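S.K.: Fold the following for me, if possible:
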Amino acid sequence: MVTLGVVQETTPMRSVVDLSLLAGAAVSAALLAGAHLFEAAGYAPCELCLDQREAHWAGFAITGAGLLSSLLWRAELVAAAAVGAAALVYAISAGLAFYHTGVEFAYWPGPATCSGGIEALSETIDLSAALLDDKPRPACSDAAWRFLGVSMAGYNFLFSAGLFVLCLGAAAATTRRVRQDATNGTSH
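M.R.: Numbers count the residues shown, from 1 in each chain. Reported below is the predicted structural model:
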């Protein structure tokens, strides 16, 4: 029975949505933990690295809220909306990581605020805030770490793109099923 998007039984699509939300929350948490561990080990993040972290904080919040909605309140429509929103966040994260990887390989220039030197100060940054910042940021073009030739930004791209595909697939399958059920007059 469906009442205000609340479902009492678990359907196969619900489990796909729940698993996608769980995977998104777990991978975002792991990537954030890894980024903070690297920082604690002395690898200072550049400005683009920090932007990528923000995307994963948003992804973690959205997937976590969607998973709680699904598991605690059985809110299928909320969970489906959350997995769709997570797909958008992971697409943005993959785009940021792709851009950052291109900057590291000098395929295109990085933002002026990410050069790591005094030229990083532009009209968009407050000079006093930049002078008070006790952590100098490295240039975005310098990959601080690589494994098998892939930088942290490259791995972030791979994980973010995978999460995008997973969440988009779950959202599309759920939307398709809900539309089909509405056409057939079936409710769960």
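S.K.: Please state the offset of stretch 161-172 from the chain centre?
M.R.: Offset of stretch 161-172 from its chain centre (Cα atoms, centre = their mean, to the nearest Å): 12 Å.
S.K.: switch to numbering from 28
M.R.: Will do, 28 is the new start, and the previous item becomes stretch 188-199.
S.K.: would you list every one of the strands in the protein?
M.R.: Using DSSP state E, the strands of the chain run over residues 29-30, 33-34, 173-174, 177-178.
S.K.: Pretty sure residue 89 sits against residue 119.
M.R.: No: using Cβ atoms under 8 Å as the test, residue 89 is too far from residue 119 to be in contact (11.7 Å). Every C-beta, even on glycine, is put in place using the N, C-alpha and C of the backbone.
S.K.: From the structure, what's the count of residues near the closest residue to residue 184 other than its chain neighbours?
M.R.: Sequence neighbours aside, residue 124 is the residue nearest to residue 184 in space, at 3.6 Å (criterion: Cβ to Cβ, 6 or more residues apart in numbering). Here the number of neighbours of residue 124 (other Cβ atoms under 10 Å) works out to 26.
S.K.: In the protein, where's the longest helix?
M.R.: helix 179-211 (DSSP state H).
S.K.: quick one: buried residues of that helix?
M.R.: Within helix 179-211, the residues scored as buried using 16 or more other Cβ atoms under 10 Å are 179-184, 186-188, 190-191, 193-195, 197-198, 200-201, 204-205.
S.K.: Could you do stretch 46-59 as well?
M.R.: 47-52, 54-56, 58-59.
S.K.: Tell me where the model's unsure across this protein.
M.R.: 28-41, 142-163, 213-215 (pLDDT under 70).
S.K.: State the distance from the residue nearest to residue 181 when sequence neighbours are not counted to residue 122.
M.R.: Distances taken as Cβ to Cβ, 6+ apart place residue 128 nearest to residue 181, at 4.9 Å, with adjacent residues excluded. Distance, residue 128 to residue 122, using Cβ to Cβ, to the nearest Å: 11 Å.
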